[in-house]
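Novice: need the 3D shape of this:
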Amino acid sequence: MSATVYVLGILLQALAGMTALLQVRHAPRKLPWLLIAISALLIVYRRAATLGEFWRVDRPLAAAEMMTLLISFLFMAGVLLMSRMFRESTEAHSTLQMSEERLRLARKATNDVVWDWDIVNDMQRWNESGTAVFGWTEIVQRPVSASWWVERVHPDDRQRVDEGFFAVVNNPSQDFWQEEYRFRKANGSYADVMDRGYVMRDPQGKALRMVGAMHDITERKHAAKQALQLKKNESLGRLAGAIAHSYNNLMSVVLGNLELAMDEAAPLALASERIAEAVTAAKQAAEVSGLMLAYLGQGIGKPEAFDLSSVCRATVDGLGSSLSTTTRLTKHFPSQGPNIRADRAQIAMIVTNLLANANDAIGEVGGDIVVAVAETEASAIPRERLSPVGWAPKAERYACLSVADTGCGIDQEHFEVLFEPFFSTKQAGKGLGLAVVLGIVNAYEGAVVISSKPKRGTVFRVFLPLTTEKPAEPAAPSTPSPASPKDLQGSILVVDDERLVLKTAQRMLESIGYEVVTASDGPEAVEIYSARMDEICCVLCDLTMPKMNGWETLAALRKLRPEIPVILSSGYDESNVRAHASDEHPQAFLSKPYDRAALKNALSRALVKHRAPIQANGEDTDNTNA
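Specialist: Residues are numbered from 1 along each chain as shown. Next up, the predicted model:
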């Protein structure tokens, strides 16, 4: 019996030793398991050496042997228990490592700055994204206090963020904090961030620890702001276009009646002089309306292919005397090219406005202005300080007109409002120039890029798409002989839904000597014309009318008589009007407001071209504004 117990004790010790040896292979700390295995195997060896005595001598089971067996059993149980605990610890450690790796990858994928604040000891630390996103290294390498973070919140946001943050920390009933604010980066600039944190408390509600994540939303906010600005611009464009149209209609009445009154007041020299001044003012008011349409990109004039350097050279030479005497002007123009397709007068307006802006920036202090023309790839156009908002190149190569000055530069807060109508840092109401520049550039699918630093000058670069079309040779200007009543065998039908505009046009035509028939809308005009077709030999028709617009009225009249001369008139720019053209085209287009000279010119064109209606490009139209 005692021998059996003895052998059982040896087997338990051997099993314990083998189990310990197996753990040596996998355990990160091998020495403890190795010592257990050696101890167990030494006991097995020593006891095995005396095993023969138990087989030769049969003696009763002693208490000491039972104790040895119990110790061996407990030793084995202890080894097995430790092995199980080690296995579970290893599995838990592995699971924790996998979880931490997933968290690390998630942090890397989202690029969030994860922070951990020990509230009791006031120690805060960030993950490595703090350096990648904001450039800070100290808070990643070692803990800092919460005040370090508060000091880097934008001054305008600091009080709000500080109060809201600590209100949550100090309130046991709240665990979650969230705030959007501006945070200073290591380079001094500010990023828009969304910050969230969770407070961990003891059973009494005292805040012990807080963990959270900061997400950089600068690009998202910028994109949202751009989308809002685009929507705002579209809305303002529609509003301003409608206002300009109504304004031009009313100015037609003012200008026409002033001219008629000036004829009647001719014997009275003083009254005639005052009316002439009123006419001049009315024409200047009409020019402001034209500038507003240019700003909206609704007035692109008459595009043609031409040499940009040639137009810039002529414009700059003509403006040289208007610059300050303390300004030094330098020009860098290629001898030929690049070629673009645009309206010459509008490109000259861009050069004029940019030069005037540069001259104002220099002031009486004196400085340099450099005007240059070059070509560039679309990929080389800078994306910073780029207008209009959301612009993307549609051509491969662009012409670049640059105007650089050494003046006062542009302050940071002015960049976003620089192209708004009538914005100016000089005199109130004098700031339409840059707005018009952007409007014209936008109409030709171009862009403007600004580079500037306060007190170090500014560079405006205008990018316009190149054209493969060859510039046309300049033709000698030809003006058709003025039309007179004897040129017409019949009367003129005037169509307009605005009563004052209708009466003014009637009076202007009658003052010239024409017979006039009027209609207040399209259906009435068609009805009158069908009844008096042989009498009416020319039609002056408004474009924007209820029931039937000008294009629909034109088409209906042409069905009755295909060769009828028609003049379309509108307060909108011709290019904007022709975007909605039908298959029928008028002989002439007359922009409102107009004076008698422009009206006569349109009639002359209509009479000369009535057997060959103009094409959709509008080359034979009269676009004269009063």
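
Novice: phi and psi next, for the residue nearest to Val462 when sequence neighbours are not counted.
Specialist: Setting aside the residues directly before and after it, Val462 is nearest to Leu401 in space (Cβ to Cβ, 6 or more residues apart in numbering), at 4.4 Å. Any C-beta I mention is one placed from the backbone N, CA and C, and that applies to glycine too. Backbone torsions for Leu401, taken as degrees, to the nearest 10, come to phi -100, psi 120.

Novice: could you count how many residues lie near Leu401?
Specialist: Using other Cβ atoms under 10 Å, the number of residues around Leu401 comes to 27.

Novice: hang on, it packs against Val449?
Specialist: No - assessed by Cβ atoms under 8 Å, Leu401 is found out of contact with Val449, at 11.1 Å.

Novice: and for these two, which residues touch both?
Specialist: Overlap of the contact sets of Leu401 and Val449 (by Cβ atoms under 8 Å, 6 or more residues apart in numbering) consists of Arg461.

Novice: give the contact list for the residue nearest to Val462.
Specialist: Leu401 neighbours (Cβ under 8 Å, 6+ apart): Leu308, Cys312, Ile350, Val351, Leu354, Val371, Ala372, Val373, Arg461, Val462, Leu464.

Novice: neighbours of the closest residue to the third one other than its chain neighbours, how many?
Specialist: Among residues not flanking Ile350 along the chain, Val437 sits closest, at 5.1 Å (Cβ to Cβ, 6+ apart). Here the number of neighbours of Val437 (other Cβ under 10 Å) works out to 25.

Novice: ok, the one 10 residues further on next?
Specialist: The burial metric for Ala447, expressed as a neighbour count using other Cβ under 10 Å, is 23.

Novice: any idea what it is bridged to?
Specialist: Assessed by DSSP bridges, Ala447 has beta-bridge partners Phe463.

Novice: Val403 now?
Specialist: Val371, Phe460.

Novice: quick one: contacts for it?
Specialist: Counting by Cβ under 8 Å, 6+ apart, the residues that Val403 touches are Val351, Leu354, Leu355, Asn357, Ala358, Ile369, Val370, Val371, Val459, Phe460.

Novice: hmm, 10 Å instead?
Specialist: Contacts for Val403 (Cβ atoms under 10 Å, 6 or more residues apart in numbering) come out as 312, 316, 350-351, 353-355, 357-358, 369-372, 458-462.

Novice: circling back to that earlier point, mind checking how far the residue nearest to Val462 is from Lys302?
Specialist: Applying Cβ to Cβ, to the nearest Å, the value for Leu401 to Lys302 is 20 Å.

Novice: next, Ile410: phi, psi?
Specialist: Dihedral angles of Ile410 (phi, psi; degrees, to the nearest 10) stand at phi -120, psi 130.

Novice: is it true that it touches Phe419?
Specialist: No - the pair Ile410 and Phe419 fails to qualify as a contact (Cβ atoms under 10 Å) at a distance of 11.7 Å.

Novice: between these two, who's got more neighbours?
Specialist: Each of Ile410 and Phe419 has its neighbours counted (other Cβ under 10 Å); Phe419 has more, 22 against 19.

Novice: confidence score at the closest residue to the more buried one other than its chain neighbours?
Specialist: The spatial neighbour of Phe419 that comes closest, neighbours along the chain excluded (Cβ to Cβ, 6+ apart), is Leu438 at 4.4 Å. With respect to pLDDT, Leu438 has a value of 85.

Novice: what degree of burial does Leu438 show, as a neighbour count?
Specialist: When neighbours are counted by other Cβ under 10 Å, Leu438 registers 23.

Novice: any idea how far Ser387 is from it?
Specialist: According to Cβ to Cβ, Leu438 stands 6 Å off from Ser387.

Novice: same check, this time on Ser591
Specialist: According to Cβ to Cβ, Ser591 and Ser387 sit 28 Å apart.

Novice: more neighbours: the two, which one.
Specialist: The neighbour comparison of Ser591 against Ser387 (other Cβ under 10 Å) goes to Ser591, with 27 against 19.

Novice: I'd say that one and Tyr572 touch.
Specialist: Yes - counting by Cβ under 10 Å, Tyr572 is a contact partner of Ser591 at 8.3 Å.

Novice: related to what we said a few turns ago, who touches both of Ile410 and Phe419?
Specialist: What both Ile410 and Phe419 touch, as defined by Cβ under 10 Å, 6+ apart, is the set Ile450.

Novice: ranges for the strands of the stretch 301-450 of the chain?
Specialist: With strands called from DSSP state E, counting those that start in this stretch, the stretch 301-450 of the chain shows them at 304-307, 327-332, 339-342, 367-377, 386-387, 397-405, 447-453.

Novice: touching both of Leu438 and Ser387, which residues are there?
Specialist: Residues touching both Leu438 and Ser387 by Cβ under 10 Å, 6+ apart: Leu418, Phe419, Ala447, Val448.

Novice: list the contacts of Val495.
Specialist: Contact analysis of Val495 by Cβ under 10 Å, 6+ apart lists 502, 505, 517-522, 524-526, 528-529, 539-543, 545, 548, 550, 553-554, 557, 566, 568-569.

Novice: switch to 7 Å and redo it
Specialist: Ala519, Gly522, Ala525, Val539, Cys541, Asp542, Thr553 (Cβ atoms under 7 Å, 6 or more residues apart in numbering).

Novice: in helices, which of these appear?
Specialist: Gly522, Ala525, Thr553 (DSSP state H).

Novice: just give the number of residues close to the second one.
Specialist: Other residues within reach of Ala525, judged by other Cβ under 10 Å, total 28.

Novice: excluding chain neighbours, what is closest to it?
Specialist: Ala519 (3.8 Å).

Novice: check what pLDDT the one you found gets.
Specialist: We have a pLDDT of 93 for Ala519.
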